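J.: Take a look and give me a structure for this.
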Amino acid sequence: MPVTDQADLATLVRTFFTPSPPARLGVAVSGGGDSVALLHLLNDWRRECGPDLTVITVDHGLRPEAAAEAAGVAAAARALGLPHRTLRWEGGPEGGNLSDRARRARYGLIAEWAKEEGIGTVALGHTADDQAETVLMRLARGSGVDGLSGMADSRDHLGRRWVRPLLTARRAALRAFLAARGVSWIEDPTNEDASYDRVKARAALGALAPLGLSVEGLVDTAERMAMARAALAEAAAALARQAARVEAGDVILARDEMGGAAEELRYRLFAQALMLVSGTDYRPRFDALKAVLAKALSGTRATLSGCIILPRKGTLHITREPAAVLGVTAQIGRVWDGRWRVTGPAEPGQEVRALGEAGLAECPDWRATGSPRPSLLASPAVWQNGRLIAAPLAGRAEGWAVECLYDKTSLVHGLIVH
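T.: Reported below is the predicted structural model:
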């Protein structure tokens with residue numbers, strides 16, 4: 001049940017981090033009422049016995065007022081005796097889904113900052129109202145169990161842990177808490193812009209409340225869906241242990257086990273395999289996922305999410321699509337395509353890029369590896385001035401070695417945490 005009494009907010013925050021609070025905690029503060037309230041609640045705890053706090057703000061540069069708002073957060077942090085940093089996104093407003101691009105940029109910038117600072121956990125100011133709006137928007141998009149489970153109160157992403165201590169607190173309670181202290185906050189004008197889906201959802205919640213479609217009800221629904229999601233994740237992980245293996249960076253699924261599994265479980269495992277091989281953070285759209293899996297199970301080669309799905313010897317062999325890595329390069333010893341690290345007798349001017357058609361033509365024994373041709377075309381190789389030096393996965397190691405950064409355990413773990 002969402003917290004509506006401001007007297008319970010302090011207990012909510014402290015209880016959230018029990019029994020193992022972090023020694024240091026980053027706090028993302030935009031200047032809005034929710035994040036400012038989180039800052040003050042965490043600072044109260046810090047002054048008593050809580051962790052050290054560092055405040056971070058991202059200026060997306062999308063509104064003229066943004067820089068001044070970030071400076072205001074910096075001043076508020078200084079008044080509390082807390083260190084603060086402002087990060088600026090230079091991505092610009094043009095092209096694509098602006099809100100999604102800005103959100104991804106925000107997480108990426110904060111994750112890099114937290115890594116530099118040695119901060120493992122970052123607190124975000126999302127509330128019960130945000131949760132309800134999220135569930136309503138996902139309901140409108142036809143989301144399944146995962147979407148309707150809403151935002152998680154804790155999530156590992158980009159090498160950091162992201163936590164939402166106020167996810168069961170009502171927005172009004174947080175503003176009452178700040179008003180009682182005489183603390184001001186910024187009202188983002190986009191919160192009144194009806195062109196945004198979230199603003200539409202907020203207005204819809206007010207209109208639908210008499211029918212019982214309330215913040216409290218949607219939060220309760222999200223909690224129940226989260227429990228269902230966890231059960232499905234465990235079942236999908238069990239299917240992965242039985243039906244999947246990882247070889248040379250490819251995920252290989254047993255067709256009989258996949259075909260005989262419950263639909264929800266097979267879609268989960270298939271989606272996670274695609275995400276692992278492609279390195280993407282998000283599942284493909286369900287309609288595309290369903291159509292491609294049906295095609296592959298019927299014995300027809302298919303592509304999705306930068307991967308090729310090859311029906312092969314009673315299996316579905318999921319490998320990287322060669323076109324997806326065309327032009328991708330990395331220095332020796334650095335991660336290539338988010339999946340591979342290549343090491344060996346390096347010399348100046350050498351780099352890692354895909355083996356490709358030209359490289360494979362110089363590997364006469366590639367068939368002996370047992371890997372399908374598309375997989376080898378997209379495999380890492382060492383090049384120097386257009387000359388192939390080594391292709392460890394295609395039978396030309398030449399003293400070089402490759403390390404894949406994931407394995408079957410990664411596949412199983414991804415099913416449980418996503």
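
J.: Would you mind writing the CA trace of the helix or strand harbouring Asp34 as CSV?
T.: Following DSSP states H and E, one finds Asp34 within helix 33-48. Backbone C-alpha positions of helix 33-48 (Å, rounded to 0.1, in the frame of the first residue of the first chain) are rendered in CSV as follows:
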residue,chain,number,x,y,z
GLY,A,33,10.0,17.6,-5.8
ASP,A,34,10.5,13.9,-5.7
SER,A,35,14.3,13.8,-6.0
VAL,A,36,14.7,16.8,-3.7
ALA,A,37,12.6,15.0,-1.1
LEU,A,38,14.7,11.9,-1.5
LEU,A,39,17.9,14.0,-1.1
HIS,A,40,16.6,15.5,2.2
LEU,A,41,15.4,12.2,3.6
LEU,A,42,18.7,10.5,2.8
ASN,A,43,20.6,13.4,4.3
ASP,A,44,18.6,13.1,7.5
TRP,A,45,19.6,9.5,7.7
ARG,A,46,23.2,10.3,6.8
ARG,A,47,23.5,12.8,9.7
GLU,A,48,22.3,10.1,12.1
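
J.: How about Arg341, nearest residue that isn't a chain neighbour?
T.: Ranked by CB to CB, 6 or more residues apart in numbering and with sequence neighbours excluded, the top spatial neighbour of Arg341 is Glu403, at 4.6 Å. All C-beta spots, glycine's among them, are computed from the backbone N, C-alpha and C.

J.: what does stretch 385-405 contact?
T.: With contact meaning CB atoms under 8 Å, 6 or more residues apart in numbering, stretch 385-405 is reached by 246, 248-249, 335, 338-345, 349-350, 355, 358-360, 362-366, 368-369, 371, 375-376, 379-383.

J.: 7 Å - rerun?
T.: Stretch 385-405 is contacted from outside by 248-249, 335, 339-345, 349-350, 355, 359-360, 362-363, 365-366, 368-369, 371, 376, 379-383, using CB atoms under 7 Å, 6 or more residues apart in numbering.

J.: Lowest-scoring secondary structure element of this structure by mean pLDDT?
T.: Between all helices and strands in the chain, the lowest mean by mean pLDDT, DSSP states H and E belongs to helix 197-208, at a mean of 86.

J.: Give me the distance between stretch 31-46 and the centre of its chain.
T.: 25 Å (CA atoms, centre = their mean, to the nearest Å).

J.: mind listing what's buried in that stretch?
T.: Using 16 or more other CB atoms under 10 Å as the test for burial, stretch 31-46 gives 31-43, 45-46.

J.: where do the strands sit along the stretch 1-150 of the chain?
T.: All strands of the stretch 1-150 of the chain, identified by DSSP state E, counting those that start in this stretch, fall at 24-28, 52-59, 84-88, 121-123.

J.: Would you mind giving the ones you listed as CSV with mean neighbour count, mean pLDDT and distance to Ala262 added?
T.: Listed next are the strands of the stretch 1-150 of the chain as CSV, based on neighbours: other CB atoms under 10 Å; pLDDT from 0 to 100; distance: least, CB to CB, whole Å:
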stretch, mean neighbour count, mean pLDDT, distance to Ala262
strand 24-28, 22, 98, 39
strand 52-59, 21, 96, 41
strand 84-88, 17, 95, 44
strand 121-123, 23, 98, 36
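
J.: circling back to that earlier point, just the buried subset of the contacts of stretch 385-405, written out for ChimeraX, thanks.
T.: Only the buried entries of these go into this ChimeraX selection, using 16+ other CB under 10 Å:
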select :248,249,339,340,341,342,344,350,355,359,360,363,366,369,371,376,379,380,381,382,383
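
J.: Can you give me the buried ones in whichever helix or strand comes after the least confident helix or strand of the chain?
T.: On the C-terminal side of helix 197-208, the closest following helix or strand by DSSP H and E is helix 215-243. Of all the residues in helix 215-243, those buried under the rule 16+ other CB under 10 Å are 215, 217-219, 221-222, 225-226, 229, 232-233, 235-237, 239-240, 243.

J.: Counting by contacts, list what the next helix or strand after helix 215-243 packs against.
T.: The helix or strand immediately downstream of helix 215-243 is strand 244-247, counting by DSSP H and E. In terms of contacts (3 or more CB pairs under 7 Å, 6 or more residues apart in numbering; DSSP states H and E), strand 244-247 is packed against strand 250-254, helix 408-417.

J.: starting at the chain centroid, how far to the following helix or strand past the first one?
T.: Read in the C-terminal direction, the helix or strand following strand 250-254 is helix 255-260, with elements assigned using DSSP H and E. Going by CA atoms, centre = their mean, the spacing between the C-alpha centre of helix 255-260 and its chain's C-alpha centre is 28 Å.

J.: Now do helix 255-260: which elements does it pack against?
T.: In this structure, helix 255-260 packs against helix 215-243, helix 286-297, strand 315-320, with contacts taken as 3+ CB pairs under 7 Å, 6+ apart.

J.: and Val342, which of the three is it?
T.: Using DSSP: H, G, I helix; E, B strand; the rest coil, the secondary structure recorded for Val342 is strand.

J.: List the contacts of it.
T.: Ile332, Trp336, Val352, Pro380, Val382, Trp400, Val402.

J.: How confident was the prediction at the fourth one?
T.: It stands for Pro380. Pro380 carries a pLDDT score of 98 in this model.

J.: Tell me, please, where in the stretch 251-400 of the chain the pLDDT is lower than the cut-off.
T.: Within the stretch 251-400 of the chain, no range satisfies pLDDT under 70.

J.: would you list every one of the helices in it?
T.: 255-260, 263-278, 286-297, 356-360, 373-377 (DSSP state H, counting those that start in this stretch).

J.: And the residue nearest to Arg341, its phi and psi?
T.: phi -120, psi 120 (degrees, to the nearest 10).

J.: before we move on, back to that, could I get the helices and strands packed on helix 255-260 in JSON lines, plus columns for distance to Arg198?
T.: Below are the helices and strands packed on helix 255-260 laid out as JSON lines (distance: least, CB to CB, whole Å):
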{"stretch": "helix 215-243", "distance to Arg198": "14"}
{"stretch": "helix 286-297", "distance to Arg198": "22"}
{"stretch": "strand 315-320", "distance to Arg198": "35"}
